[in-house]
Structure formats: C-alpha cells, structure tokens
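J.: Sequence plus the predicted model coming up.
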Amino acid sequence: MLATLREEPFTRKGWLFEAKLDGERCLALRCRADVQLLSRNQKRLNDTYPELVRAFRSQKAERFAVDGEIVTFEGDVTSFSKLQQRMQVRHPPEELRRKIPVWVYAFDLLHLDGYDTRQLPLRNRKELLHKALDFKDPLRFTEHRETDGEAFYREACSKGWEGIIAKNGDSLYVSARSREWLKFKCTKEQEFVIGGYTDPKGQRTGFGALLVGYYEAGKLVYAGKVGTGFDEEILRRLGRQLAQLETRTSPFAAGASLPRGAHWVKPKLVAQIGFAEWTPEGKLRHPRFLGLRSDKGPEEVVREQ
C-alpha cells in the first residue's frame, strides 16, 4: 500500500500520524522456520540484511506478514544515502554490519497465524502488530500520534526528518497507491530514471552529470542534469554501470534542451534525487543525487504531484 503525496498537512479526527522514514520498504513473511524479506518490487533481501532475518525468525509468532521500512541513521535522522552502502552488498561482512547497522520499523500487519488481517481497520491492525511481535532491536514498532498533524509536521521538518505520513485509522490494506494514506515531505525528492550522462571535467572521474527523467504517457520526459551528491566511489561504480548500458540513441522522447555531446544509456537505472523545486520549464532546480533504487522499476517512475 502506497501513500499519495499532498502539500498541506492537517489534523483530522480518526487519522494517525507517523514519521516518514527514509529507507527501503520491506515486507517480512514468516512461515515457521522460513523467513523471506521482500522489497517493494518483490526482490529478496535476505542476503543483504541477515540480522533482520534473525530478528523475525526469533519471534514466538510463527506465521505472519509484516510491512515496514529498513533504515540506518546519520545522527538522529534516517539516511537513505548511508543505507546505500548496505543495499549494494549481499552477505555483508561483520565489519560493514557494525559500521552501517540497520533497523526495521514495522508499521502494518497483513497476516497473522492463518488469518488475513488486511480487511481490518488500520487501527486494529496496529494493535495486533504491537501484541504479536517482541519489539527489540533491530526490530522496532512504528509509533503514531492522533492529534495536531500540523504541529507534528513542523516538528519533523525542524528535526531534519523526511516528513510525515497521515493514515486513516479506519483504512483497509490495499495493494495500490491510496488517498487513505497521505505523505507530506519536508524536502522535495523523488525517483528519476537515468537516461544519459555527460563527460567528467577537470580531475573528476567516471562521469560529469546524470541526465534524468520520468515517464508520462509512456514517454520518458527529460527533467535535467544532476551533478552533485557523488563521492569518488559512487563516481567509479556508477560510471562502470553506465558504460555497460550505453546506447547510440537518446531514450528521451520529450522535454527540451538536451545537452549536446551527451552519452545515452538504456533507461534501466532508477535514482533517488533531492531538489529545491521544479522550474516553469519543467526542470529540476538544484538537484542532488541521493542514491540508486533497486526496489522500483523504471516504468513506474512518474512526476509526483
């Protein structure tokens, strides 16, 4: 179940307000000894987060399906950029697990001991979730508030959080984007498809800037260049990936002012991009690279409004 983006936070009777976490969505499925962690697009995550597999396998409840978010922290704030260092590594060594520890915040219960709970109201699902699992690190319960959504949003932004989620306490669980769950972001960011890149200049290696876009009516629309947010390791690693995807023709079918001399790539990679705002011409202002996403297909990427 996915939330719909909204601009103005609100307070509404019967709605629950949670912190918006900046991590990787995860569905945890357990049937006795078998535990499966699945990403938003059904990719298996067991080898990437073995400590989370152990946490779910240690539960007394032997059959459940739990929805949650895998995160790591930079200080007191969840950091998708830092989580990248774990998302890219299967069978992470103990040294990396200590350097980049992860937690999973559970926020919904879809199945418990043979019963489909998706047709229960959210409020009841969260009550069952809280009782069904033993919440000890790295497994955490996602707390919520029921009053003053505007104040919670201001608090979230002042603390550097990504934003908040508002959920109708009576909502049923549906496997789609819904207006019963709403998201309010403190900073603008979304996924974009990488369609090309420019050459590096000066001492820079790998590439200069990414050329990104989004799909509209089946066409990839150019949204601008992204030239910041990369360290040397990302420039080298992503540069190699881009070189393997290079093609002669531009994948962009719409949008203006494509740079000359660019290298085009097959639109296979999805990047998380932060930015200040959209320009009147439909381009990103002050964009910055936050990381690659493997949990969303390129064809799913649209302009969020």
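T.: Cool, the structure landed.

J.: Skip the chain neighbours and tell me the closest residue to residue 36.
T.: Spatial nearest neighbour of residue 36, chain neighbours left out: residue 29 (4.5 Å); criterion: C-beta to C-beta, 6 or more residues apart in numbering. In short, each C-beta sits where N, CA and C put it, glycine included.

J.: nope, residue 6 is what I was after
T.: Leaving aside its chain neighbours, residue 6 sits nearest to residue 182 (4.7 Å; criterion: C-beta to C-beta, 6+ apart).

J.: before we move on, what SS does that neighbour have?
T.: strand (DSSP: H, G, I helix; E, B strand; the rest coil).

J.: Give me the neighbour count for it.
T.: By other C-beta atoms under 10 Å, 21 other residues sit near residue 182.

J.: From the structure, what's the count of residues near residue 210?
T.: Taking other C-beta under 10 Å as the criterion, the count of residues near residue 210 is 25.

J.: how close does it get to residue 78?
T.: 24 Å (C-beta to C-beta, to the nearest Å).

J.: what do you get for residue 138?
T.: Residue 138 sits 13 Å away from residue 78, going by C-beta to C-beta.

J.: Please say which of the two ends up with more neighbours.
T.: residue 78 (23 against 16).

J.: if I pick that one, what's in contact with it?
T.: Applying C-beta atoms under 8 Å, 6 or more residues apart in numbering to residue 78 gives the contacts 21, 22, 23, 71, 72, 161, 162.

J.: Contacts only, for the last one.
T.: Same thing as residue 162. 20, 21, 22, 78, 156, 185, 186, 187, 189.

J.: How about the second one?
T.: With contact taken as C-beta under 8 Å, 6+ apart, residue 22 is in contact with 71, 77, 78, 79, 80, 162.

J.: show me what contacts the spatially closest residue to residue 136 that is not a sequence neighbour?
T.: Among residues not flanking residue 136 along the chain, residue 55 sits closest, at 7.8 Å (C-beta to C-beta, 6+ apart). Going by C-beta under 8 Å, 6+ apart, residue 55 touches 104, 136, 138, 139.
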